[in-house]
Structures are given as C-alpha cells and as structure tokens.
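In: A predicted structure for the sequence below; I have some questions about it.
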Amino acid sequence: MSDKELMLLQGWKQREMIVAGKVSSRELVEASLRRIEKLDRQLNAFITVDGDRALVTADEADKAVLLASRDGIHDSLRHRIVIHGS
C-alpha cells in the first residue's frame, strides 16, 4: 500500500490494520512524514514537524498494542482456568 493510500484511510481502518498486525504505528508515522516532506513545500501547512518525537510516540504505541494483545491472551487463559477449575 502506498503512503498516499495509507494516509487516505479513515482512522478506524488504520487502527483496525494496526490491531491486525497489517501495519505498525511506526509505519503509519513514517508514511505521514514522507508525505509531509513531499507536499509541504507546496502546501506550507506545517510550522514545525517533530518527526523524531512522532517516531518515539509511534514506537511506544506499538509496544502498547503488543502488550495489550499479550495481556488479552493471558486474561483469556486465566478466565478458562477459573471456569474449568470451579
């Protein structure tokens, strides 16, 4: 999927793709930064772009998604143990 296609997706679809592991937050931010670099000379839409901070935040978000998916597995296993152990 091209940067443009990724950026034109609705937010809920981007989130769905992140949760499904089809794209990472970092990949979305990198695509955004490339689009900004490509188009902002013409659009002059940004005063400041803090790409480094955006990438750090994206990495943190990706870690949170990974932890959430692991926690979900653990919660489901705990739930089964409680039900079957009753």
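Out: The structure has been received and is ready for your questions. Numbering: from 1, shown residues only.
In: how much space is there between E37 and V65?
Out: Distance from E37 to V65, counting by Cβ to Cβ, to the nearest Å: 26 Å. Every C-beta, even on glycine, is put in place using the N, C-alpha and C of the backbone.
In: between the two, who's got more neighbours?
Out: V65 (16 against 11; other Cβ atoms under 10 Å).
In: Please name the residues that touch the residue most central in space within the chain.
Out: Closest to where the C-alpha atoms of the chain average out (Cα atoms, centre = their mean) is S25, at 2.5 Å. Going by Cβ atoms under 8 Å, 6 or more residues apart in numbering, S25 touches 18, 58-59, 61-62, 65.
In: So which of these sit within strands?
Out: Secondary structure from DSSP state E places none of these in strands.
In: Quick check: the two most widely separated of the residues you listed?
Out: Greatest spatial distance in these: I18 and D59, 12.8 Å, computed using Cβ to Cβ.
In: Between the two, which has more neighbouring residues?
Out: Using other Cβ under 10 Å as the criterion, I18 and D59 rank with I18 on top: 18 against 14.
In: how about that one, what does it touch?
Out: By Cβ under 8 Å, 6+ apart, the residues touching I18 are 24-25, 28, 61-62, 65.
In: Name the pair among those with the greatest separation in space.
Out: L28 and V65 (11.9 Å).
In: Looking at the residue nearest to the centre of the chain now. What's its pLDDT?
Out: S25 is assigned 95 on the pLDDT scale.
In: Okay then, goodbye and thanks.
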